[in-house]
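Enquirer: 3D model of this:
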Amino acid sequence: MSWFSRSSSEQSPAATRQDRQKCWESRDQYFECLDGVGVLTAGEEGTACTKSKFQYEKSCAKSWIDYFNKRRVLAEKQKDMLAQSQLQSQKAKRQL
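Expert: From the prediction side, this is the model:
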């Protein structure tokens with residue numbers, strides 16, 4: 001027996017195109033709900049998005065959920081940094 005071996009019963013089947021599409025759609029609905037209640041970080045919405053969160057968690061693999069949630073926060077931070085950079089660039093151009 002190898003340290004890194006897995007039995008075939010432990011492996012989950014690869015996601016099909018339809019599974020991925022369903023996951024992305026449920027993610028988009030959940031994130032729309034979060035946007036509607038003004039929440040950036042998933043899980044901080046309380047009971048506001050319970051139905052869409054349940055569907056999201058049902059449709060997507062845990063690793064995908066973790067990735068999407070982290071990516072959502074990162075993307076928002078990147079938008080803020082880009083906006084600040086553009087403001088600084090405009091100010092610098094005016095001073096020339």
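Enquirer: which residue ends up closest to the midpoint of the chain in space?
Expert: Among the residues of the chain, the one closest to the centroid is F68, at 2.2 Å (Cα atoms, centre = their mean).
Enquirer: and that residue, which of the three is it?
Expert: helix (DSSP: H, G, I helix; E, B strand; the rest coil).
Enquirer: State the distance from it to K93.
Expert: Computed as Cβ to Cβ, to the nearest Å, the F68 to K93 distance reads 37 Å. No exception for glycine: its C-beta is placed from N, CA and C like everyone else's.
Enquirer: One more: D80?
Expert: 21 Å.
Enquirer: What count of nearby residues applies to Y56?
Expert: Applying other Cβ atoms under 10 Å, we find 24 residues neighbouring Y56.
Enquirer: Please tell me how far it sits from S85.
Expert: Per Cβ to Cβ, Y56 is found 32 Å from S85.
Enquirer: Check which residues of the least confident helix or strand in the chain by mean pLDDT are buried.
Expert: Taking mean pLDDT, DSSP states H and E as the measure, helix 62-95 is the helix or strand of the chain with the lowest mean score, a mean of 90. Residues of helix 62-95 classed as buried: 64-65, 68-69, 72 (neighbour count, 16 or more other Cβ atoms under 10 Å).
Enquirer: The residue lying closest to V39 once chain neighbours are set aside: what secondary structure?
Expert: Of all residues not flanking V39 in the chain, E45 sits nearest, at 4.5 Å (Cβ to Cβ, 6 or more residues apart in numbering). With three-state DSSP as the basis, E45 sits in coil.
Enquirer: How about the contacts made by E45?
Expert: 33-34, 37, 39, 53 (Cβ atoms under 8 Å, 6 or more residues apart in numbering).
Enquirer: Weed out the non-buried ones from these.
Expert: 33-34, 39, 53.
Enquirer: Switch those over to a markdown table; also include secondary structure and distance to E25.
Expert: Formatted as a markdown table, the buried ones among the contacts of E45 follow (DSSP: H, G, I helix; E, B strand; the rest coil; distance: Cβ to Cβ, whole Å):
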| residue | secondary structure | distance to E25 |
| --- | --- | --- |
| C33 | helix | 13 |
| L34 | helix | 15 |
| V39 | coil | 20 |
| K53 | helix | 14 |
